[in-house]
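J.: sharing a sequence plus its predicted fold:
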Amino acid sequence: MTISITDVGVVGAGTMGHGIAHVAAAAGHRVVLYDVKRELAEKGKSSIAANLAKGVEKGKVTPEDRDAALARISTTEVLADLRRCQLVIEAAPEKLELKQQLFTELSKICAPDAILASNTSSLSLTEIAAAATNPERVAGMHFFNPVHLMKLLELVRAYQTSDATLETVKAFGEKLGKQTITVKDSPGFASSRLGIALGMEAVRMVEEGVASPEDIDRAMKLGYGHPMGPLELTDLVGLDVRLAIGEYLYRELGNPVFRPPQLLKKMVRAGRLGKKSGQGFYKY
Ligand code: NAD
């Protein structure tokens, strides 16, 4: 049996949080967008307005739908404002203790059967769920960047997740127009585990001088039909983010393919974080 969802809470209004709020509101839900400071939540809402405006320019969104979607989104810096939500999706920074703390607090604020989901790209959903009361209503909802354009939603079943929770988040994802895959909780799930393996190996190949970043990316794009090369993708996601996930997967799985190469560590230490810092494997 799935739970009916009218009100959605989003915790963290950064890259992913604002995208999740966007697609939830566009699909007709009322959304409360929370961040630690009101300005941050408002900034997230401005990014949604900008993306919707682009949609209108391209003729993909009507001005009426844009206005209605924006009117459904409220912003807050008070976590308790999420109390009426039947589904809360957490998109705060990738730190286990922080996410656990949020799930403990959300358990006190929300109804006992409200679904609490995390957008974590690699952390253990089972450990996150352990911090919640009624952990059977916790699941992973791993969206992809940019959320309003990427079709995939990776659903993660924690050890504690109930069938009803999984069915509800699946139905919700489909209502947002996403195609879902379901994976059991394991480090890096299905997507990040493969993506990071390819990314780390590509960096190792640059380090060894096998080929230039451009040619390594071309090999995957032209030879394997990837829309973006592994080094371009590393620049887009952020070298620091990929380093952290690589270290975590190596620690958890012990497979040397995940061990971050020295070159990646040096680039992060030098502040070359990719697109967001203006330089990574490419210049922006
Ligand atoms: P981000 O840094 O862009 O956004 C994080 C937001 O969380 C910021 O606005 C920050 O102010 C806010 N925040 C900080 N402390 C908080 C707290 N205590 N409570 C609530 N919010 C808090 O990060 P992001 O890239 O949006 O990543 C968020 C999550 O999504 C992470 O778990 C990440 O692994 C995951 N993810 C990221 C991507 C990606 O491509 N960036 C893709 C899939 C999943």
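T.: It's in.
J.: and the residue of the stretch 1-150 of the chain found nearest the ligand, how many neighbours does it have?
T.: Residue of the stretch 1-150 of the chain nearest the ligand, by Cβ to the nearest ligand atom: Gly14 (1.9 Å). Just so you know, the C-beta spots here come from the backbone N, C-alpha and C atoms, and that holds for glycine as well. A count of nearby residues for Gly14, using other Cβ atoms under 10 Å, gives 15.
J.: mind listing the helices for the stretch 151-284 of the chain?
T.: Assigned by DSSP state H, counting those that start in this stretch, the helices in the stretch 151-284 of the chain fall at 163-175, 191-207, 213-218, 224, 230-237, 239-253, 262-269.
J.: which of those is buried the deepest?
T.: Among those, ranked by average contacts under mean count of other Cβ atoms under 10 Å, first place goes to helix 230-237 (a mean of 24).
J.: how about that one, does it reach the ligand?
T.: Yes. Helix 230-237 is in contact with the ligand by Cβ under 6 Å from any ligand atom, via Val237.
J.: check stretch 146-159 too.
T.: No. Stretch 146-159 stays clear of the ligand (Cβ under 6 Å from any ligand atom), getting no nearer than 8.4 Å.
J.: list the buried residues in that stretch.
T.: By neighbour count with 16 or more other Cβ atoms under 10 Å, stretch 146-159 contains the buried residues Val147, His148, Leu153, Glu154, Leu155, Val156, Arg157, Ala158.
J.: go on, stretch 41-50?
T.: Ala41, Glu42, Gly44, Lys45, Ser47, Ile48, Ala49.
J.: run the chain-centre distance for it.
T.: Centroid separation for stretch 41-50 versus its chain: 17 Å, with Cα atoms, centre = their mean, to the nearest Å.
J.: around the ligand, which positions in the stretch 151-284 of the chain sit nearby?
T.: Neighbours of the ligand within the stretch 151-284 of the chain, by Cβ under 6 Å from any ligand atom: Val237.
J.: repeat that for 8 Å
T.: Leu236, Val237, Gly238, Val241, Ile245 (Cβ under 8 Å from any ligand atom).
J.: pLDDT score assigned to the closest residue in space to Ser4 that isn't next to it in sequence?
T.: The spatial neighbour of Ser4 that comes closest, neighbours along the chain excluded (Cβ to Cβ, 6 or more residues apart in numbering), is Gln86 at 7.1 Å. According to the prediction, Gln86 has pLDDT 98.
J.: the one 4 residues further on too?
T.: Model confidence at Glu90, given as pLDDT, is 98.
J.: neighbours of it, how many?
T.: Going by other Cβ under 10 Å, the residues that sit close to Glu90 add up to 25.
J.: residues touching the nearest residue to it once chain neighbours are set aside, list them.
T.: Nearest residue to Glu90, sequence neighbours excluded (Cβ to Cβ, 6+ apart): Val11, at 4.4 Å. Listed by Cβ atoms under 8 Å, 6 or more residues apart in numbering, the contact set of Val11 reads Gly17, Tyr34, Leu79, Leu82, Val88, Ile89, Glu90, Ala91, Ala92, Leu102, Leu106.
J.: could you report the distance from the residue of the stretch 1-150 of the chain closest to the ligand to Val147?
T.: 11 Å (Cβ to Cβ, to the nearest Å).
J.: dump the residue contacts of Ala219.
T.: By Cβ under 8 Å, 6+ apart, the contact set of Ala219 is Ala211, Gly229.
J.: actually, Phe258.
T.: Contacts of Phe258 by Cβ under 8 Å, 6+ apart are Ile196, Ala197, Met200, Gly246, Leu249, Tyr250.
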